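**Q** Have a look; sequence and predicted model below, questions after that.
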Amino acid sequence: MSFEGIPSIGVDAVETNRSGENGEADRVVDVVDLTFGYAAAPVVEDVSFGVDRGDYVGVIGPNGSGKSTLLRLALGLHEPDAGSCRLLGHPSLAFAERERVGYVAQDVTENTKRMPITVAEVVLMGRFPHAGFGRVTQSDRERVREALRTVGMERLADRKITALSGGQRQRAYIARALAGEAELLVLDEPTVGVDAESVDAFFELLSDLNDEGMTILLVEHDIGAVLEHASRVICLNREVYFDGSPTAFAESDALDRAYGTNLGGRKGDPDGRKGDPDGRKGDLDGRNGGDGR
Ligand SMILES: Nc1ncnc2c1ncn2[C@@H]1O[C@H](COP(=O)(O)OP(=O)(O)OP(=O)(O)O)[C@@H](O)[C@H]1O
């Protein structure tokens, strides 16, 4: 991933930290007994999960099941009503080193319409926490170039961000995170509005980054894509219905229970939602149990 004569960025930086040499635990996201509601009713209730360095976790669930809210809680953008969230070893609400987490949200088009700047300039923003405004060095520019190369966007560096396709724009935001030396990528339905061919290539990019050591927490409506690419699936519908490997998920009834498509499932049957605690945590390959902290 590094290039001759160019300082390494992003995923290589992750490799150097993976063993926890910097004293931080390998658990990069730690959510414990989390409950949160915008009004009286909780949107997320009693949710616990962890993301360890190198994981590729895909969060799925029906519309309105609390997925985006859970991401924002993990990032410290909401204050929990109960429970706790930690990010890279720090309480999420007090987490100050934002550049260490690359957040790619859905529906960024509206934001970028107000930013008539080039792709390279967007990616360079990832360097600002390191370089500071007005103090961009040649090394920062090299890192931008390498980040663009990593996401396959080098030739589009001088194009206006508004002139990109949705998929290209999302790649540019990933490049910004890489340029910022992010250790964790948090993506919220990044392929909404992206054409099918670009979606496949986008998920390949995420897999490549994960292979190189990048930790990924992805909310995604495309269950098939999550099962194909993620190393772990969390199925959410206010509560966690499943946390385990894609294989174990496919063999479980969590999909029916969480999406309410079977008669014994969620509708009007609160106990039924909670039925089968083993199934909820079913992790046949033992990779990461739902209660594995
Ligand atoms: N800012 C907000 N204020 C009040 N209610 C909100 C807010 N954001 C989300 N909600 C509500 O919280 C619930 C969960 O929303 P959230 O966006 O987290 O779900 P989601 O699983 O990400 O949905 P989708 O897949 O449709 O994007 C929904 O009922 C939604 O209407």
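**A** Structure's in. What do you need? On a predicted model such as this, the values are computed, not experimentally measured, just so you know.
**Q** now the helices for the stretch 151-293 of the chain?
**A** 166-179, 196-211, 223-229, 246-251, 254-259, 270-274, 277-281 (DSSP state H, counting those that start in this stretch).
**Q** Let me have those in JSON lines, adding mean pLDDT, distance to the ligand and mean neighbour count as columns.
**A** Glycine gets a C-beta too; all of them are placed from N, C-alpha and C. Conversion of those to JSON lines gives the following (pLDDT from 0 to 100; distance: least, Cβ to the nearest ligand atom, whole Å; neighbours: other Cβ atoms under 10 Å):
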{"stretch": "helix 166-179", "mean pLDDT": "92", "distance to the ligand": "16", "mean neighbour count": "26"}
{"stretch": "helix 196-211", "mean pLDDT": "93", "distance to the ligand": "16", "mean neighbour count": "16"}
{"stretch": "helix 223-229", "mean pLDDT": "95", "distance to the ligand": "12", "mean neighbour count": "17"}
{"stretch": "helix 246-251", "mean pLDDT": "95", "distance to the ligand": "17", "mean neighbour count": "18"}
{"stretch": "helix 254-259", "mean pLDDT": "92", "distance to the ligand": "11", "mean neighbour count": "21"}
{"stretch": "helix 270-274", "mean pLDDT": "33", "distance to the ligand": "16", "mean neighbour count": "12"}
{"stretch": "helix 277-281", "mean pLDDT": "32", "distance to the ligand": "18", "mean neighbour count": "15"}
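**Q** mind putting the ones you listed in JSON lines, distance to Arg100 included?
**A** Compiled in JSON lines, the helices of the stretch 151-293 of the chain are given as follows (distance: least, Cβ to Cβ, whole Å):
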{"stretch": "helix 166-179", "distance to Arg100": "10"}
{"stretch": "helix 196-211", "distance to Arg100": "15"}
{"stretch": "helix 223-229", "distance to Arg100": "23"}
{"stretch": "helix 246-251", "distance to Arg100": "27"}
{"stretch": "helix 254-259", "distance to Arg100": "31"}
{"stretch": "helix 270-274", "distance to Arg100": "35"}
{"stretch": "helix 277-281", "distance to Arg100": "29"}
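**Q** you'd agree Ser165 is up against Val194?
**A** Yes. Taking Cβ atoms under 8 Å as the contact criterion, Ser165 and Val194 are neighbours in contact, 7.4 Å apart.
**Q** dump the residue contacts of the spatially closest residue to Gly193 that is not a sequence neighbour.
**A** Among residues not flanking Gly193 along the chain, Gly166 sits closest, at 4.7 Å (Cβ to Cβ, 6 or more residues apart in numbering). Taking Cβ atoms under 8 Å, 6 or more residues apart in numbering as the contact definition, Gly166 lies against Thr109, Val192, Gly193, Val194, Asp195, Ser198.
**Q** How many residues are close by Ala40?
**A** Ala40 sits with 5 neighbouring residues when counted by other Cβ atoms under 10 Å.
**Q** Checking it next. Helix, strand or coil?
**A** Secondary structure for Ala40, judged by DSSP: H, G, I helix; E, B strand; the rest coil, is coil.
**Q** any idea how far it is from the ligand?
**A** Distance check for Ala40 against the ligand: by Cβ to the nearest ligand atom, to the nearest Å, it reads 11 Å.
**Q** pLDDT score assigned to that residue?
**A** At Ala40 the predicted local distance difference test score is 84.
**Q** Shouldn't Glu79 be within a helix?
**A** No. When classified by three-state DSSP, Glu79 is found to be coil rather than part of a helix.
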